[in-house]
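Student: would you be able to build a 3D model of this:
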Amino acid sequence: MKIRFLGTAAFEGIPALFCGCDGCKRAKELGGKNYRTRTSVMLGDELKIDFPPDTLTHMHRDGFDLDKVKDLIFTHSHSDHLYAEDIVARFPGYAKSEEHPIHVYGNDLTLAKIRQTFEANGGDRGKFVLHRVRPYETVQLQTAVVVPLYAAHDPNETCLLYYIEKDGKSILYGHDSGDFPEETWEWLKDKRLDLAILECTMGNVDYRKTHMNVEAVLETTAQLREQGIMNQDGRVVVTHFSHNAQLLHSELEEIFLPHSITVAFDGMIVDL
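Tutor: The predicted model follows:
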C-alpha cells in the first residue's frame, strides 16, 4: 500500500500566507522540501484523510485521480482540514464524475458544514453519502476498517484521531492533537501498529496542549515503542508543521532521524 503525504503544513502553509518571518524567508530561498501545503494523506488510491483547500494543487502535482476515492474521512472541521466548497466540484455541472457515491465520515460539526454547503448547491445529487462517527466505535468502510479515537485539540469540537486497518496493515493517524487523552492510550494498549503518523506543529516551542511539539513527539514515540504498540519494524512519520516553529526540513531531520522518525515532505510516498 502506498501512503501519499499530499501536504505537510499546518493552517498557514510554509511559506505562510501574508508572512515575512525569518522561517518563511528561508523556506522561500531554499525551496524544495521546505515548501509545504496544508495537510492531507491518501492511503492507496481510494481512501483520503481530510480535504484541505490545497487538494486541487495536490492532484495537479501528484497526478492522482481524485474520482477514484471511495471513502473520505475527516479528523475535524477546521478549514485546513475541511474545505467543503471544493467538495461540491464533484456535482454535475462542475465535473463529469463517476456514478459511485463517495462515502464521507466525520463528527457532527464536520458533517453539518458539509451538508450546509451541499444544500446551498442543490443537495448531494447522489454523489456523496454522509456518516456520523463516534469515538471508539468501529466503522467498516468500503476500503478499510477504522476506529475514531479522541484527540486533544479543540475543546469546542470532538476532534478525532484514527486507527486504520487496511490491506493487512495497522496505522495510527495521530493528529491534530496535543498529548493523547488517557482513554485513547487505554484503547491503543493492545494494538500493534505498522505505521504511526504524528504531528509536530509547534517545533521546539514550549507548548503541547492542542498540538505536539518536539518533546511531545519523542515522548509519544517512546511510549508507543516501550508499550509494544509499535511493531518491531513499525515506522513513525512526523508531519503538520507550522512556520512559527522556524524549522527547515533539514533541521527537522537533524532532530528526528536519530530517533528513527521520518520527517514527511509534500509528495512523499511511504510503501507499507
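
Student: what residues are up against I171?
Tutor: For I171, the contact set (C-beta atoms under 8 Å, 6 or more residues apart in numbering) comprises I3, L43, Y162, Y163, I164, E165, L193, D194, L195, A196, I197, L272. From N, CA and C alone the C-beta is placed, and that goes for glycine too.

Student: direction included, what does the helix or strand containing it pair up with?
Tutor: For I171, the host element (DSSP states H and E) is strand 169-174. Applying DSSP bridges to the sheet, strand 169-174 is found paired with strand 160-166 (antiparallel), strand 193-199 (parallel).

Student: which residue ranges of this structure form helices?
Tutor: 22-30, 55-62, 84-87, 108-120, 182-188, 214-226, 249-256 (DSSP state H).

Student: if we can go back for a sec, nearest to N231, out of the strands paired with strand 169-174?
Tutor: strand 193-199 (5.6 Å; C-beta to C-beta).

Student: convert the C-alpha atoms of the closest one to CSV, please.
Tutor: Backbone C-alpha positions of strand 193-199 (Å, rounded to 0.1, in the frame of the first residue of the first chain) are rendered in CSV as follows:
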residue,chain,number,x,y,z
LEU,A,193,1.0,-0.6,14.6
ASP,A,194,2.9,-0.8,11.4
LEU,A,195,2.8,3.0,11.0
ALA,A,196,2.2,5.9,13.3
ILE,A,197,1.7,9.4,11.8
LEU,A,198,2.2,12.1,14.3
GLU,A,199,2.3,15.9,14.2
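
Student: what's the angle between it and helix 214-226?
Tutor: Computed by axes from the mean of the first three to the mean of the last three C-alpha atoms, to 10 degrees, the angle separating strand 193-199 from helix 214-226 equals 170 degrees.

Student: about what we covered before: mind checking which of the strands paired with strand 169-174 is nearest S177?
Tutor: strand 160-166 (6.0 Å).

Student: for that closest one, the distance to its chain's centre please.
Tutor: For strand 160-166, the gap between its own C-alpha mean and the chain's C-alpha mean amounts to 11 Å (C-alpha atoms, centre = their mean, to the nearest Å).

Student: next, the angle from it to helix 108-120.
Tutor: 80 degrees.

Student: sorry, back to before: looking at the contacts of I171, state which has the most neighbours.
Tutor: Neighbour counts for the contacts of I171, by other C-beta atoms under 10 Å, peak at I197, which reaches 27 neighbours.

Student: residue contacts, that one?
Tutor: V41, I171, L172, Y173, G174, H175, V237, V238, T239, A264.

Student: quick one: which of those residues is most hemmed in?
Tutor: Highest count within the contacts of I197 by other C-beta under 10 Å belongs to G174, 29 neighbours.

Student: what's the spacing between the closest residue to N34 other than its chain neighbours and T262?
Tutor: Excluding its sequence neighbours, the residue lying closest to N34 (C-beta to C-beta, 6 or more residues apart in numbering) is A27, at 4.0 Å. As judged by C-beta to C-beta, to the nearest Å, A27 and T262 stand 20 Å apart.

Student: mind checking which of these two has more residues around it?
Tutor: A27 (25 against 18).

Student: I'd assumed C19 was in contact with the more buried one.
Tutor: No: between A27 and C19 there is no contact under C-beta atoms under 8 Å: 9.8 Å.

Student: let me have the helices of the chain in a markdown table, adding distance to Y94 as columns.
Tutor: A markdown table is the format used below for the helices of the chain (distance: least, C-beta to C-beta, whole Å):
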| stretch | distance to Y94 |
| --- | --- |
| helix 22-30 | 33 |
| helix 55-62 | 12 |
| helix 84-87 | 10 |
| helix 108-120 | 13 |
| helix 182-188 | 38 |
| helix 214-226 | 40 |
| helix 249-256 | 35 |
